[in-house]
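>>> Just to be clear, the model below is a prediction. Sequence and coordinates:
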Amino acid sequence: MTALTIDRINKRYGNLHILKDISIPIGQGEFVSLLGPSGCGKTTTLRCIAGFEQPDSGRILFGDRDVTRALPEQRDIGMVFQSYALFPHMTVAENLSFGLEVRKVSVPNRQRRIADVLAMVRLEGYDKRYPRELSGGQQQRVALARALVIEPSVLLLDEPLANLDATLRDEMRFFIRDLQQRVGITSIYVTHDQAEAMVMSDKIVVMSAGTISQFGSPREIYERPTSQSVAGFIGRSNTISGKIAEALGQDSYKVDTPCGSLGTTGPAGLAKGTDVRIMIRPENIRTLRHEAGTGHQQGAGEAGHGENALAGAVINSIYQGSANQLAVKLGSGDRIVVDVGGRNPLDVGEQVTLRFAARDTWLLAS
Amino acid sequence: MSAVGAAPRLEGRGNRGSASWMVVPALVLLIGFFALPYLTIITMSLREASTRAVYGDGFTLAHYTTALGDLYIWGILGRTLLIGATVTVISLLLGYPVAYHLAKSRSRWTSLLYIFVLSPLLVGLVVRTFAWMIILSNNGVANQALQAVGLINFPLQLMNNPLGVTIALTHVFLPFIILPLLGNLQAISPDLAMASRSLGASRMRTFWKVTLPLSMPGIQAGTILVFVLSISAYVTPAMLGGTGGRTMSVLVVQYLVDNFRWPAGAALAIIMAAVAVLFVGLYLRLTARAMRRLP
């Protein structure tokens, strides 16, 4: 049963087509992130769900209830803003009480629920403080509590961590995710931070220019991106151009590249001769000092064997603490970024062999 | 106190030191053009009347006791305050929606509305007041129009009374309430209203519970401006008020210029100023209570 259905919504501002046939089914209790660069339509989508924008066409359903034309206050949502949006003239308790008063919850029930939710966000004893007396992280927890205390059917979060510093942001990611899972509330989270979306979400909707580029679990999005733009937006990736030489199985292919032929994994049904790009993540490549005697410039492409090898030279090395990021130039001229864990024994200028498994590659349409 | 604790205070004092120099020109201006004239008027109000000079040699409180014992003056004082209060309330009721609209609107016509709002200030005071005389007089535009459509048979008394003064003052002082309110309303994050609606509050409730309390500073500033300007206005009540709409400032000028009673007129001016300070002080107190929870 889908808790929230976004069904082919469109939105235009004058000549600008902001949302183009956006459809997203969201299951009960799921945490779904809308991810994309600014201007991709993720915030507009959220505002349509909240009721602050009306889609020009399409429907929005909460369960079976069509809320497309409903006012925000009729929708039963909880919303958390980037600016926190706490009422500055009300104490923490009064902020939390606001939505309960609207719902005509009795005073004792109100007090109990406020106490409960304050405990949940670990802000016991802060009820008489004003928002200005709290830190950014505390304010955001109050905002979260205010949205949750009314027990809405959907929780909407609009870049809630964007104003926090990096350390606090990491902490809050897990805090929000943990809270969301304990409460079991269906949540929609707008962010431009792919790491945030990766660690928090059940599903990610990658958006660009008003369309959905990909909708799937973090693992699917990361390991099986459907396009070059998704692969580029989520994490770091290398790509090598090539042409399908032959299909080896349902999802494995031999691909001819300027570096030789490589064994790869890709979506089913790619025809022989199709132009493709092979994506390899930096952390999936092992870097070995060049083995003397096998000094051929061609890849050791024993395609189908499942293991590929490419020769190249280190042209750059960046120390990142937990790992080193190397840039390796292949014989074909392609530049490949690889991660080398621990102490980096490789110097700039050294000849290396890059090894990676066919199952760690993914083919993208060229 | 340790040296570490003292450091920021020293820095603070240094800042204050450098800032105090910058106050000097303003201070000179204030003393020269505000404090000294006021002192002169206060002294004048305490002098005996004279037929040969502006005031006589001796000191007396007679001008105050006479004025305060005069029911006619109390009446005019009351009328002045009533006109001020009425103009303030009407300006607030008319100005708030305009300021609210200007703050929210993203339409390209907003700048046109801006010009409309400022338009009363773009016309000279006397010219504008003459225009109101043309509109409000017994055979003026307003009365002729009302008679033409058959709403009235006899002209309404629209000027030479407090009504005409109130209408014209509201017109000219409306921008003084709209502009502070506009600045205030623009500074309120639109997220707050959205948060309120997301919590289930209607537009109405959101306005009463969120927007209105947060716009109290703008209301306070605007209403004080309009009130003070209204009770001290001279040209408008002088031209449109007649005897029925005579205000304190008109009376003071009459004392000074027509009757040449400078000490008595000065006493009236001081009484008026004192009453204004009293009322504004009281009002500040009341509104401060409404704003005590604001940041």
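Received, thanks. Numbers count the residues shown, from 1 in each chain, chains lettered A, B, ... in the order given.
>>> List the beta-bridge partners for A:Ala365.
A:Val276 (DSSP bridges).
>>> Am I right that it is in contact with A:Val276?
Yes. Here A:Ala365 reaches A:Val276: they are 6.7 Å apart, a contact under Cβ atoms under 8 Å. From N, CA and C alone the C-beta is placed, and that goes for glycine too.
>>> So which of these two has more stuff around it?
Neighbours per residue (other Cβ atoms under 10 Å in any protein chain shown) separate A:Ala365 from A:Val276, with A:Val276 holding more: 23 against 13.
>>> you'd agree that one is up against A:Leu262?
No. Counting by Cβ under 8 Å, A:Val276 stays clear of A:Leu262, with 10.7 Å between them.
>>> Between those two, which contacts overlap?
Common contacts of A:Val276 and A:Leu262, defined by Cβ atoms under 8 Å, 6 or more residues apart in numbering or on different chains, comprise A:Gly242, A:Val255.
>>> how near is the spatially closest residue to B:Ile271 that is not a sequence neighbour to B:Ala267?
In space, and not counting its chain neighbours, B:Ile271 is closest to B:Ala67: 6.1 Å by Cβ to Cβ, 6 or more residues apart in numbering or on different chains. Separation of B:Ala67 from B:Ala267 (Cβ to Cβ, to the nearest Å): 6 Å.
>>> same deal with B:Trp21?
39 Å.
>>> Compare these two (neighbour count), which wins?
B:Ala267 (28 against 8).
>>> Pop out the phi and psi values for the more buried one.
Phi and psi for B:Ala267, reported as degrees, to the nearest 10, are phi -60, psi -40.
>>> Next up, the contacts around it.
Applying Cβ under 8 Å, 6+ apart, the residues near B:Ala267 are B:Ser45, B:His63, B:Tyr64, B:Ala67.
>>> Going by secondary structure, A:Val206 is in what exactly?
strand A:203-208 (DSSP states H and E).
>>> just to revisit the earlier point, any idea which of the contacts of B:Ala267 has the most stuff around it?
Going by other Cβ under 10 Å, B:His63 tops those with 26 neighbours.
>>> which stretches of the stretch 1-150 of chain B form helices?
In the stretch 1-150 of chain B, the segments counted as helices under DSSP state H, counting those that start in this stretch are B:3-30, B:36-45, B:62-68, B:71-104, B:110-122, B:125-136, B:141-148.
>>> Around chain A, pick out the residues from the stretch 151-295 of chain B.
By the rule Cβ under 8 Å from any Cβ of the partner chain, the part of the stretch 151-295 of chain B lying against chain A is B:189, B:191-192, B:194-202, B:205, B:209-210, B:213-214, B:293-295.
>>> pLDDT below threshold where in the chain?
Picking chain A for this. Filtered on pLDDT under 70, chain A yields the residue ranges A:291-305, A:344.
>>> my bad, chain B
Scanning chain B residue by residue, the ranges that satisfy pLDDT under 70 are B:1-18.
>>> Go again with 50.
By pLDDT under 50, the low-scoring segments of chain B are B:1-14.
>>> what comes up buried for the helix ranked longest in chain A?
Assignment by DSSP state H gives helix A:166-183 as the longest helix of chain A. Neighbour-count burial for helix A:166-183 flags A:Leu168, A:Arg169, A:Met172, A:Arg173, A:Phe175, A:Ile176, A:Arg177, A:Leu179, A:Gln180 (criterion: 16 or more other Cβ atoms under 10 Å in any protein chain shown).
>>> Contacts for that helix, please.
Taking Cβ under 8 Å, 6+ apart as the rule, helix A:166-183 contacts A:31, A:120-121, A:136-137, A:140-141, A:144, A:148, A:155, A:157, A:160-161, A:164, A:187, A:196, A:199-200.
>>> Quick check on those: which are buried?
A:31, A:120-121, A:137, A:140-141, A:144, A:148, A:155, A:157, A:160-161, A:164, A:187, A:196, A:200.
>>> could you pull out the helices for chain A?
A:42-50, A:92-102, A:107-120, A:136-149, A:166-183, A:194-200, A:218-223, A:228-233.
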